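Asker: Make a model of this:
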Amino acid sequence: MEYNLILKAMTYAFLFKTADENGQRSETDILFDEYLSKGLDFILQKVCGFELFKDVNLINLFKKYF
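Answerer: Numbering: from 1, shown residues only. Just a heads-up that it's a prediction; the model follows:
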C-alpha cells in the first residue's frame with residue numbers, strides 16, 4: 001500500500017501551528033513542540049511509535065519530506 005501521502009500529511013501536521021481567539025496555544029501543542037525540540041527521531045519513536053531500526057526506511061522518507 002502507498003504510504004508516501006500519509007508521511008507527507010504527517011509532515012504538514014508536525015508543522016501546523018494554531019492559537020485560540022486570545023492568541024494562546026493549547027497545552028498539547030506546546031507539549032508537542034517540546035517533544036519536537038528533542039529531534040525527529042525522538043518524536044517519531046515516542047509519540048508516533050516508529051521503531052528506529054525496523055522503520056528506518058519510513059523514518060528516512062519522512063525526514064526527506066520534513
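Asker: Okay, now the unreliable bits of the chain?
Answerer: 1 (pLDDT under 70).
Asker: and the longest helix along it, what does it pack onto?
Answerer: Criterion DSSP state H: the longest helix present in the chain is helix 4-15. When contacts are defined as 3 or more C-beta pairs under 8 Å, 6 or more residues apart in numbering; DSSP states H and E, helix 4-15 packs onto helix 56-65. For the C-beta atoms, the positions are set from N, CA and C on the backbone; glycine is no exception.
Asker: ok, now how distant is the residue nearest the centre of the chain from residue 59?
Answerer: Nearest residue to the geometric centre of the chain (C-alpha atoms, centre = their mean): residue 14, 4.2 Å. Distance of residue 14 to residue 59, computed by C-beta to C-beta, to the nearest Å: 13 Å.
Asker: Please tell me how far whichever helix or strand comes after the longest helix of the chain is from the chain's geometric centre.
Answerer: As assigned by DSSP states H and E, the chain's next helix or strand after helix 4-15 is helix 27-36. Mean-position distance between helix 27-36 and its chain equals 10 Å (C-alpha atoms, centre = their mean, to the nearest Å).
Asker: residues making contact with helix 27-36?
Answerer: Helix 27-36 has contacts (C-beta atoms under 8 Å, 6 or more residues apart in numbering) with 14, 17, 18, 42, 43, 46, 47.
Asker: and the fourth one, how many neighbours?
Answerer: What that stands for is residue 42. By other C-beta atoms under 10 Å, 12 other residues sit near residue 42.
Asker: Please apply the same query to the last one.
Answerer: With neighbours defined by other C-beta under 10 Å, the count for residue 47 comes to 13.
Asker: Give me the nearest residue to it, chain neighbours excluded.
Answerer: Leaving aside its sequence neighbours, residue 47 sits nearest to residue 35 (C-beta to C-beta, 6 or more residues apart in numbering; 5.9 Å).
Asker: I'd like to know how many residues surround the one you found.
Answerer: Neighbours of residue 35 under the rule other C-beta under 10 Å: 14.
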